[in-house]
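Visitor: what follows is a predicted structure for the sequence shown.
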Amino acid sequence: LLNDYINFVDTVTSPQSKEMVDFKDALEIMEEQGINPSRLLTASVGLSGEVGEFNDIVKKLLFQGKVTDLLRETTDGWARGEVKITSLTDPNDSILVKLQNEFLIALKDGKPLAMVPDLICLVDLENAEPITAEDVRYGQRVNVIGVSTPPNMRTKAALDTFGPVPFKVYDKFIPIEEIK
């Protein structure tokens with residue numbers, strides 16, 4: 001059984017991830033972007049069992065800033081609202097993240113940075129602890145990270161169930177890796 005698992009992991013792991021030099025380079029890039037690799041590597045252990053190789057699915061540090069406005073209300077059992085995050089270095093630069101129990105879409109100047117079913121993750125800037133839609137608070141300093149989802153979550157049936165159109169946040173799904 002162990003050999004079967006080892007063969008499976010070897011089959012689905014990209015050549016770049018089998019090379020320690022490439023792995024170290026990826027860690028350095030994350031650190032340069034303000035991401036704590038040790039926290040992400042811990043998360044990767046859990047994610048790798050669910051959706052495949054973490055290094056292949058982490059896509060973008062979308063934004064870094066401070067929560068400067070927050071609207072959240074509970075309606076019909078849903079926590080709905082939006083979070084404005086303003087840059088720490090430019091007070092005129094901000095993004096808006098809409099939520100309904102989860103973060104649904106991140107917008108900059110009305111244009112998407114990431115959207116469901118891809119993941120939008122807020123993590124504390126100081127300790128890289130995850131911040132849920134229910135726990136986000138005014139004044140928190142955060143990194144906003146976008147993570148792509150596997151192909152089975154991007155099928156027509158999946159998008160018809162939990163894509164941006166059913167949540168009424170955007171008229172079509174654009175994968176995070178295609179958003180400039």
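Guide: Great, that's in hand.
Visitor: dump the residue contacts of the closest residue to Q140 other than its chain neighbours.
Guide: In space, and not counting its chain neighbours, Q140 is closest to V67: 4.7 Å by CB to CB, 6 or more residues apart in numbering. The C-beta positions use only the backbone N, C-alpha and C, and glycine is treated the same way. Shown in contact with V67 (CB atoms under 8 Å, 6 or more residues apart in numbering): 83-85, 136-140, 142.
Visitor: one more: Q140?
Guide: 66-67, 122, 124, 131.
Visitor: which helix or strand in the protein has the lowest average pLDDT?
Guide: In the chain, no helix or strand scores lower on mean pLDDT, DSSP states H and E than helix 54-57, which sits at a mean of 50.
Visitor: pull up the pairing partners for the helix or strand just after it, direction included.
Guide: Sequence-wise, the next helix or strand downstream of helix 54-57 (DSSP states H and E) is strand 58-75. Here strand 58-75 has these sheet partners by DSSP bridges: strand 78-87 (antiparallel), strand 141-147 (antiparallel).
Visitor: look up how far E19 lies from D25.
Guide: 9 Å (CB to CB, to the nearest Å).
Visitor: do K98 as well
Guide: 39 Å.
Visitor: neighbour-wise, which of those two wins?
Guide: Applying other CB atoms under 10 Å to K98 and E19 shows that K98 carries more neighbours, namely 23 against 11.
Visitor: quick one: mean pLDDT for the strand or helix carrying the more buried one?
Guide: For K98, the host element (DSSP H and E) is strand 94-100. Mean per-residue pLDDT for strand 94-100: 97.
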